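Colleague: This is a predicted model, with the sequence first.
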Amino acid sequence: MPVINRIAEFHADMTEWRHDLHRHPELALKETRTSGVVQQHLRSFGVDEVHAGLAGTGVVGVIHGAHPAAAGARSAIGLRADMDALPIHEETGAEWASEVPGVMHACGHDGHTTMLLGAARYLAETRNFAGTVYVIFQPAEENKGGGRIMVEQGLFERFPMQQVYGMHNWPGAPAGIFRWRDGPMMAAVADIEITVTGRGAHGAQPHNGIDPIVVSAAIVQAFQSIVARNVQPTESGVVTIGSIQGGQIYNVIPETVRMLGTARWFNPKVGDLLEARVNRLAASIAEGFGAHAEVAFNRTYPAVVNDPAAMALARQAAEAVQGAAAVEHMDLPTMGGEDFSFMLNAKQGAYIMLGAGRGTGDAMVHHPKYDFNDAILPVGASYWATLAEQLLPRD
């Protein structure tokens, strides 16, 4: 079964929806217009119920199949897309480029939302399944944990489902290729914030101060040993300092330096080790210089871990749409993070990648020249619809 014909028929409509969302990006927990557009579309499709308000701007559409689920059979599933944009100035030059200065859909959430809307339109028209499909439009995937908020506010209690599924576009794979793996798919994430306090002085009289820039440099250098010399080589871990802010002028040693970074891991024991080493190294190195380091290691997202049984079902749907040759195993997980992990921690499910690459030189996600590939819109929508029909079959 290739791309569903009915979905292919409204490919142009989906492209128009996507371009509209792309022109009007909204940051995490501020997706007011996006939420309203999603609700309007769902109502126009004739879904049975539209619920708004979870995590502020989240939306859940309820679509009942033509028949109730048989006794003892799976009765409901959830399909999830994210809606928020990033604080990045767009450089694509596209006709549908962001009209909001400094904000753009640099991760493809406009495409994710559109693919799930396309599936919702088809499922509401055909209802060729038994039971209930919940289409979940989640806010704030980027750094704010909208998935966690929706779960904490009763997503699975209000909308009882046996399984939940997620999907992300992947420019690093050819368009239309699905990639999957059992177990860890994406990493756990922590935000690191370190404030080093020394003693300010004139740059020409460093002996009168305690230079927090020198201290910070020593801390960054020492952090390079954490994964290399503390994490077992067969495990994975990352510690990266991405920002060092201190001082404003050539000849003044500042009082403080602020450092920002990230840590990533899969094994919870590795996460504990990274936290312990970051705290100990920063504090002890600063003390050795006569300075002080205040460290915050804030765990934001757990790892995305696919349930093998659910992943097998997702893979079966992907193969039905694109063929077995276009459904590839991912040998290694990615160190990127995703708050769909909170939903998988609460409910059985799986997360799959859909290739979006156009060729060599593609901009990856979170890049100012990235733009979602509209060619895969009917592929993703067909995957969602096929998954629903396969998991909730009619007698």
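Modeller: Nice, I can see it. Residues are numbered from 1 along each chain as shown.
Colleague: end-to-end on stretch 88-101?
Modeller: 9 Å (Cα to Cα, to the nearest Å).
Colleague: can you pull the buried residues of that stretch?
Modeller: Within stretch 88-101, the residues scored as buried using 16 or more other Cβ atoms under 10 Å are 88, 90, 92, 96, 98. The way it works is simple: take the backbone N, C-alpha and C, and place the C-beta from them, glycine included.
Colleague: So for the third one, what's the nearest residue that isn't a sequence neighbour?
Modeller: Residue nearest to T92 in three dimensions, not counting chain neighbours: D371, with 4.8 Å by Cβ to Cβ, 6 or more residues apart in numbering.
Colleague: residues touching that neighbour, list them.
Modeller: 22, 92, 94, 363 (Cβ atoms under 8 Å, 6 or more residues apart in numbering).
Colleague: May I have the longest helix anywhere in the chain as CSV, with CA atoms only?
Modeller: When the chain is parsed with DSSP state H, its longest helix is helix 268-288. Extracted in CSV, the C-alpha atoms of helix 268-288 (Å, rounded to 0.1, in the frame of the first residue of the first chain):
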residue,chain,number,x,y,z
PRO,A,268,20.8,6.9,33.9
LYS,A,269,24.0,5.9,35.7
VAL,A,270,25.9,7.9,33.1
GLY,A,271,23.7,10.8,33.8
ASP,A,272,24.4,10.6,37.5
LEU,A,273,28.2,10.4,36.8
LEU,A,274,28.1,13.4,34.5
GLU,A,275,26.3,15.5,37.1
ALA,A,276,28.7,14.5,39.9
ARG,A,277,31.8,15.2,37.8
VAL,A,278,30.5,18.6,36.5
ASN,A,279,29.7,19.7,40.0
ARG,A,280,32.9,18.5,41.6
LEU,A,281,35.3,19.7,38.9
ALA,A,282,33.8,23.2,38.6
ALA,A,283,33.7,23.7,42.4
SER,A,284,37.2,22.3,43.1
ILE,A,285,38.9,24.1,40.2
ALA,A,286,37.4,27.4,41.2
GLU,A,287,38.4,26.8,44.8
GLY,A,288,41.9,26.0,43.7
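Colleague: when you give positions from now on, start the count at 10
Modeller: All right, first residue 10 from here; so that's helix 277-297.
Colleague: Beyond that helix, next helix or strand please.
Modeller: Next helix or strand after helix 277-297 toward the C-terminus (DSSP states H and E): strand 301-310.
Colleague: angle of that next one against helix 277-297?
Modeller: 160 degrees (axes from the mean of the first three to the mean of the last three Cα atoms, to 10 degrees).
Colleague: Strand 301-310 packs against which elements?
Modeller: Counting contacts by 3 or more Cβ pairs under 8 Å, 6 or more residues apart in numbering; DSSP states H and E, strand 301-310 packs against strand 197-206, helix 277-297.
Colleague: Stretch 201-219 spans what distance, first to last residue?
Modeller: Stretch 201-219 end-to-end distance (Cα to Cα) = 23 Å.
Colleague: ok, A355 - how many residues close by?
Modeller: By the criterion of other Cβ atoms under 10 Å, A355 has 16 neighbours.
Colleague: From the contact counts, what lies against the helix or strand where S391 lies?
Modeller: Using DSSP H and E, S391 sits within helix 386-400. Under the contact criterion of 3+ Cβ pairs under 8 Å, 6+ apart, helix 386-400 touches helix 14-18, helix 20-32, strand 85-91, helix 118-135, strand 172-183, helix 317-331, strand 357-366.
Colleague: what's the closest of the ones you listed to M159?
Modeller: Within those, the stretch nearest M159 is strand 85-91; the backing value is 9.0 Å (Cβ to Cβ).
Colleague: if you look at the buried residues of stretch 97-110, which of them are in strands?
Modeller: Judged by DSSP state E, the buried residues of stretch 97-110 include no members of strands.
Colleague: Just give me the closest of these to A80.
Modeller: Checking the buried residues of stretch 97-110 against A80 by Cβ to Cβ gives W105 as the nearest, at 48.3 Å.
Colleague: so how far is R32 from the closest one?
Modeller: 5 Å (Cβ to Cβ, to the nearest Å).
Colleague: How about T243?
Modeller: For T243, the distance to R32 - Cβ to Cβ - is 47 Å.
Colleague: circling back: including distance to V304, could the helices and strands packed on helix 386-400 go into CSV?
Modeller: Formatted as CSV, those follow (distance: least, Cβ to Cβ, whole Å):
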stretch, distance to V304
helix 14-18, 50
helix 20-32, 39
strand 85-91, 30
helix 118-135, 32
strand 172-183, 31
helix 317-331, 37
strand 357-366, 31
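Colleague: what's near enough to touch the residue nearest to the spatial centre of the chain?
Modeller: Nearest to the geometric centre of the chain sits E347, at 3.7 Å (Cα atoms, centre = their mean). Contacts for E347 were tallied using Cβ under 8 Å, 6+ apart; they are 150, 175, 177, 195, 310, 313, 360.
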